[in-house]
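> Here's my sequence, what's the structure:
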Amino acid sequence: MPNNFRPNLIVSIWACTGIIFGSVGPWMTSHTSSRTGVDECGSITLILGICASIALLTHLFRGITPEVKNHWVGPVAGIAVLIVAGANAATILQRGIDIAGMTVVPSIGWGLWLVGASAIVLCVSSSTVAQLIRAQATD
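Below you'll find the predicted structure:
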């Protein structure tokens with residue numbers, strides 16, 4: 001494999017870890033309360049992050065074999081997590097509470113920011129890993 005295979009694989013695994021931790025972190029915060037990712041759609045991103053990390057760890061520990069055809073799991077999970085995180089961010093920003101004539105809008109919590117950033121990193125790095133695996137399979 002090329003020199004950039006293993007670093008991209010490790011970055012992808014770290015991105016999955018960020019998705020997992022961000023999924024259980026706060027996704028919405030306001031003056032009076034905060035909601036964790038599991039209260040929103042964090043359970044979906046949690047499952048996707050775990051599945052992608054298992055698929056990527058398989059490449060790290062077992063190596064690349066023709067029998068292992070899971071190189072597409074990382075990019076697909078990254079895109080799905082990015083869609084879920086973006087939709088939840090838009091929904092959170094649309095929630096507003098009128099208090100004494102003023103609209104109070106909740107803010108996006110660090111968990112959702114971590115999930116979104118990790119999803120972007122996972123998309124880029126795992127796509128690179130998948131392309132390298134496909135290039136080796138054609139050689």
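
> CA only for contacts and neighbour counts going forward, please
OK.

> just the helices in this structure please.
Counting by DSSP state H, the chain has helices at residues 5-24, 42-62, 73-94, 110-138.

> Out of those, indicate the one that is most buried.
helix 5-24 (a mean of 22; mean count of other CA atoms under 10 Å).

> Remind me what that one packs against, helices and strands.
helix 42-62, helix 110-138 (3 or more CA pairs under 8 Å, 6 or more residues apart in numbering; DSSP states H and E).

> Kindly recompute the last result at 10 Å.
strand 34-36, helix 42-62, helix 73-94, helix 110-138 (3 or more CA pairs under 10 Å, 6 or more residues apart in numbering; DSSP states H and E).

> In contact with residue 34, which residues?
Contact analysis of residue 34 by CA atoms under 10 Å, 6 or more residues apart in numbering lists 25, 26, 27, 28, 106, 107, 108, 109.

> Farthest-apart pair in those, please.
Farthest pair in the contacts of residue 34 (CA to CA) is 25 and 106. Separation: 15.6 Å.

> So these two - more neighbours on which side?
With neighbours defined as other CA atoms under 10 Å, residue 25 and residue 106 compare such that residue 25 has more, 22 against 19.

> Am I right that that one is in contact with residue 109?
Yes - with contact defined as CA atoms under 10 Å, residue 25 and residue 109 form a contacting pair (7.8 Å).

> Provide a list of residue ranges in this protein with pLDDT below threshold.
1-2, 31-33, 37, 39-40, 64-68, 96-98, 103, 137-139 (pLDDT under 70).

> Of all residues in the chain, which one is nearest the centre?
residue 119 (3.4 Å; CA atoms, centre = their mean).

> Just put the helices and strands packed on helix 5-24 in JSON lines and tack on distance to residue 8.
Below are the helices and strands packed on helix 5-24 laid out as JSON lines (distance: least, CA to CA, whole Å):
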{"stretch": "strand 34-36", "distance to residue 8": "30"}
{"stretch": "helix 42-62", "distance to residue 8": "10"}
{"stretch": "helix 73-94", "distance to residue 8": "12"}
{"stretch": "helix 110-138", "distance to residue 8": "5"}
